[in-house]
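S.K.: quick one: sequence plus predicted model below, questions after.
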Amino acid sequence: MGFMKPDLPQEDPQAFRTKPFLDRIRILSQHWVEHGFGSPWMVHCLYILKLVVLYAFGGLLVVSLTTDGVGSLGDFGQWWDQPVVYEKLVLWTVLLEVIGLAGSWGPLAGHFDPMMGGALHWLRPGTIRLPPWPDKVPGTAGDTRKILDVVLYVALIGSLVASLVLAGNSDGVVRRDILAAIAVLLVVCGLRDRLIFLGARSEQYLPAIVFMAVFDVHDLLIALKLLIVVVWMGAGASKFGKHFSMVVPPMVSNMPVPFSKWLRRAHYSGGTEDLRPSGLAWFMGHIMGTLVELAIPLILLFSPNRTITILAATAMVIFHAFIVTTFPLAVPLEWNILFGFAAVFLFVGYPAQDGYSVLDFSQVWMLPVLVVALAFFPVLGNFRPDLVSFLPSLRQYAGNWASATWAFKPGCEERLNEITGSAKNHVDQLQTMGFGLLGYAPDDAEMLLQKTIAWRSMHSQGRGLYSLLLKHLPDIDQRTVREAEFICNSLTGWNFGDGHLHDERLIAAVQKRLSFAPGELVVVYCESQPIHRDTQEYRVIDAAVGVVERGTWKVADAVSEQPWLPNGPIPLQVTWTHPEYTRRTDPVEA
């Protein structure tokens, strides 16, 4: 890749667009092996600059300037372990997340022009909102943002700013009344629009904020330890199964470092010809990943020895630093930096042997109650993934995700620009983005955007979703096929890989505004695999009709195939079909 120009396959862009769908998948997935997304180095420099200057330096500067008893940045070594410092860094992170300046920011998350969604969308009345339970919670029905939603969102931002700049309690920590207000506003905003709730990463930060509001400092530090251990171990447990090994090779391929191509290829079974994960990928995923997330947190939680604690905390810092270097497409860089710092702050700064063990709560009931509360949604989400977002389920990196692909008839995608939002379609954004980075010709923009389709094909869900497209759409080679996560970003201002944000509810909101004819927009959707089953459930959705087919596929069939399905669609088990719908049943040529 170049500093200002992307690294794309050596194909004529105009001719590339006319190739069959599966041929394009093969070209782009094989190109990903050695080049990743192919983003210009300038893109990664922007992320590093944001991470270092805005997040790290900015956060520490805010703490230094607004906190009594904390010295200058030059005195960081003397005040880094004060509880109020960690509280304010958490709140600083939440503020950036909820504005849209942290995770899911920039080109790697599908924000090309503008580079952020978040506030640009959520401050604008008339944009799409997605309430979680509109038929159950009074006052939340509808899918259009109102002035009330904007006021609540502004109040949330204001309360976060207040928590950072106003004087704290007498015990030196952030004011508890402001923390309580933040917690309430996160819930209220979330009931009106789950995008804001999830965009703030409430599944991890809301418990921390509640703990800050109700516990004294001693119990708070122990509760925060328990929270981060549950997050680590929940993420580790979610990686059991066949999905996760397929996540590692595309991540390594996307690292913007001068690794030799042979090392990237070594994570695949057959270089660029067999893109199933190799033994090295399995080792990196389950030994250096899953085992680390399960074993090291327990060592940190119960270690009686300072040296062991320091070594274990160092291991977690390295673990999070590695994730940062891969620049995963949701780019949760700030989250990883905070968790790396937390490993040192909580466990080295307040070790178990100094009275901060999980057995040292001031009340005996705290430990079992907190364990049950923190584990509830991860456990429920793994058994009933249809009920819980993959974020509270703690499956962020598991490879076991609800996913979808949108397929438009020619000329229909352009109509999405008619919807009130913060951004145009991605293929249009790529043609207008500044900084000398993009401004692509239409054919070049299309090729780059289809790299996201290839990326999905390198994971298990992609093989199932594209099998559905082949079975249901005889004109798939002529259709515009888009990764639903990117579509969701442009329509709602945010996505973090959560398929629930672009399921029937978003499709219905789009249909309400655009009135597509039957067949013009067809979406194939799959739910995450429950931990106790070997299948994933799927749905085929026609925007004009609704769900037209339900069924399952076996995960083993998906992971054993190549991204470009050389043996044809994987086996699909149909469980229900709309009585007025007839899908294609003739075989598809590979």
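M.R.: Thanks, I have the structure now.
S.K.: for the nearest residue to Gly462 once chain neighbours are set aside, list the residues it contacts.
M.R.: Leaving aside its chain neighbours, Gly462 sits nearest to Arg456 (4.0 Å; criterion: Cβ to Cβ, 6 or more residues apart in numbering). Backbone N, C-alpha and C define where each C-beta goes, glycine included. With contact taken as Cβ atoms under 8 Å, 6 or more residues apart in numbering, Arg456 is in contact with Ser403, Thr405, Gly462, Leu465, Glu483.
S.K.: buried ones among the residues you listed?
M.R.: Ser403, Thr405, Gly462, Leu465, Glu483 (16 or more other Cβ atoms under 10 Å).
S.K.: now Arg505. Its backbone dihedrals?
M.R.: In terms of degrees, to the nearest 10, the main-chain angles of Arg505 are phi -70, psi -40.
S.K.: okay, now it: neighbour count?
M.R.: Around Arg505 there are 17 other residues, counting by other Cβ atoms under 10 Å.
S.K.: and it, what pLDDT?
M.R.: Looking at Arg505, its pLDDT stands at 95.
S.K.: ranges for the helices of the stretch 451-590 of the chain?
M.R.: Counting by DSSP state H, counting those that start in this stretch, the stretch 451-590 of the chain has helices at residues 451-457, 460-472, 484-492, 504-514, 555-559.
S.K.: want to throw the ones you listed into JSON lines with distance to Met4?
M.R.: Output for the helices of the stretch 451-590 of the chain, formatted as JSON lines (distance: least, Cβ to Cβ, whole Å):
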{"stretch": "helix 451-457", "distance to Met4": "18"}
{"stretch": "helix 460-472", "distance to Met4": "30"}
{"stretch": "helix 484-492", "distance to Met4": "22"}
{"stretch": "helix 504-514", "distance to Met4": "35"}
{"stretch": "helix 555-559", "distance to Met4": "37"}
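S.K.: of all the ones you listed, which lies closest to Ala167?
M.R.: Closest of the helices of the stretch 451-590 of the chain to Ala167 is helix 484-492, at 37.1 Å (criterion: Cβ to Cβ).
S.K.: what lies in contact with that closest one?
M.R.: Applying Cβ under 8 Å, 6+ apart, the contact partners of helix 484-492 are 104, 109-111, 117, 121, 127-130, 195, 329, 403-406, 416, 419, 421-426, 429, 449, 452, 494-495, 497, 499, 501-502, 506, 510, 523, 525.
S.K.: backbone dihedrals for Ala404, please?
M.R.: Torsion angles at Ala404 (phi, psi; degrees, to the nearest 10) stand at phi -160, psi 160.
S.K.: tell me how far the closest residue to it other than its chain neighbours lies from Trp282.
M.R.: Nearest non-adjacent residue to Ala404, counting by Cβ to Cβ, 6+ apart: Ala484, 3.7 Å away. Distance, Ala484 to Trp282, using Cβ to Cβ, to the nearest Å: 28 Å.
S.K.: count of residues packed around Leu49?
M.R.: Residues near Leu49, counting by other Cβ under 10 Å: 10.
S.K.: equivalent analysis for Leu179, please.
M.R.: Residues near Leu179, counting by other Cβ under 10 Å: 23.
S.K.: give the other helices and strands that the helix or strand harbouring it contacts.
M.R.: Assigned by DSSP states H and E, Leu179 belongs to helix 176-192. Packing contacts for helix 176-192, counted by 3 or more Cβ pairs under 8 Å, 6 or more residues apart in numbering; DSSP states H and E, involve helix 147-165, helix 194-199, helix 202-214.
S.K.: could you rerun that using 6 Å?
M.R.: Here helix 176-192 touches helix 147-165, helix 202-214, going by 3 or more Cβ pairs under 6 Å, 6 or more residues apart in numbering; DSSP states H and E.
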